[in-house]
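Participant: Can you look at this prediction? I've put the sequence above it.
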Amino acid sequence: MTGPLALVGGDELKPGNEPHDRLLATAAADGPAFVLATAAARQGPELAVENATAWFEGLGLAVRELPVLRRTDARSNEVAALASTGRFFYLVGGDPGLVVSVLRDTPVWEAIVAAWRRGAAIGGSSAGAMAMGEWTLIRDRWPSHTARRYLDALRVVPRTAVLPHYNSFGHRWIPSARAAAPAEDVVLLGIDERTAAVWDGRLWLATGAGTVTVIGLEGEQRFPPGQSLQGLPDPRGVTAR
């Protein structure tokens with residue numbers, strides 16, 4: 001049985017995120033807990049690690065950095081061996097394309113997924129959450145912030161592309177995401193800030209301060225906190241990249 005998986009819509013490590021972050025922290029128990037600042041590698045990873053350390057300490061969990069800022073780090077057998085001991089992994093926000101280019105098809109990511117399948121917890125916010133889908137949406141052209149294109153991602157959640165910050169700007173990506181969809185059955189998962197779509201090992205739930213929106217073949221469905229999510233693919237049995 002897999003551990004919990006939390007896809008957070010951004011504005012992480014702040015009040016409002018307690019419901020999903022406590023769930024992740026509880027799943028870690030007394031095992032090693034890691035934060036990955038991969039998405040923030042070009043934007044001050046030290047600060048991202050510091051913020052995550054302080055936030056989860058307030059929830060009773062001691063975390064430390066799993067040093068994966070470059071692809072050479074993700075290919076390291078030493079770092080992969082460390083990751084294999086983990087009971088908790090949190091991928092911070094930042095650059096969505098960078099997360100995928102560093103982690104995909106590497107020993108470190110394989111070790112993290114294997115740990116998750118043994119019951120470890122994984123959380124990802126904004127770019128970290130986007131990387132968990134079958135595709136991540138990256139900027140299509142400069143200087144447009146709303147035109148997006150699909151890039152193969154880590155495929156923890158099949159057929160899915162995450163739209164974080166949905167209540168502030170993520171909803172503006174919908175036209176280009178629909179126009180460029182690589183398959184008819186793509187599921188667009190809009191997640192408000194300080195909100196998460198949480199897989200608890202059996203089903204999906206909405207948690208946090210806002211709303212989770214699922215857009216698929218059944219149309220658009222909105223789910224407030226506490227409701228189970230419908231139309232979102234089951235991650236069990238999927239071969240992640």
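Facilitator: Arrived safely, thanks for sending.
Participant: So for stretch 145-164, what gets flagged as buried?
Facilitator: 147-151, 153-164 (16 or more other C-beta atoms under 10 Å). Placement of C-beta: from N, CA and C, glycine included.
Participant: again with stretch 43-57
Facilitator: In stretch 43-57, residues buried by neighbour count (16+ other C-beta under 10 Å) are Pro45, Ala48, Val49, Asn51, Ala52, Thr53, Trp55, Phe56.
Participant: Stretch 132-146 now?
Facilitator: Met132, Gly133, Glu134, Trp135, Thr136, Leu137, Ile138, Arg139.
Participant: need the residues you listed in TSV with distance to Ala6 and secondary structure, can you?
Facilitator: Compiled in TSV, these are given as follows (distance: C-beta to C-beta, whole Å; DSSP: H, G, I helix; E, B strand; the rest coil):
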residue	distance to Ala6	secondary structure
Met132	10	coil
Gly133	14	strand
Glu134	18	strand
Trp135	19	strand
Thr136	17	strand
Leu137	19	strand
Ile138	22	strand
Arg139	25	strand
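Participant: Could you single out the nearest of the residues you listed to Phe34?
Facilitator: Distances from Phe34 to those, taken as C-beta to C-beta, are shortest for Met132 (16.0 Å).
Participant: residue contacts, the closest one?
Facilitator: Leu5, Leu7, Ile122, Gly124, Ala153, Leu154, Val156, Val157, Val162 (C-beta atoms under 8 Å, 6 or more residues apart in numbering).
Participant: cool, Leu47 as well?
Facilitator: Ala40.
Participant: Go ahead and list the helix or strand containing it.
Facilitator: Assigned by DSSP states H and E, Leu47 falls within helix 45-58.
Participant: from what I can see Asp152 touches Gly133, true?
Facilitator: No. Counting by C-beta atoms under 8 Å, Asp152 sits too far from Gly133 to count as a contact (9.8 Å).
Participant: List the buried residues for the helix or strand containing Pro175?
Facilitator: Assigned by DSSP H and E, Pro175 belongs to helix 174-179. By neighbour count on 16+ other C-beta under 10 Å, the buried set for helix 174-179 is Ile174, Ser176, Ala177.
Participant: same thing with stretch 94-113?
Facilitator: Buried-residue list, stretch 94-113, by 16+ other C-beta under 10 Å: 94-100, 102-104, 106-113.
Participant: still on that earlier bit, Throw the buried residues of stretch 132-146 into a markdown table and include distance to Arg241, thanks.
Facilitator: As requested, the buried residues of stretch 132-146 are exported to a markdown table (distance: C-beta to C-beta, whole Å):
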| residue | distance to Arg241 |
| --- | --- |
| Met132 | 11 |
| Gly133 | 11 |
| Glu134 | 9 |
| Trp135 | 11 |
| Thr136 | 11 |
| Leu137 | 16 |
| Ile138 | 16 |
| Arg139 | 21 |
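Participant: Brilliant, that's me finished.
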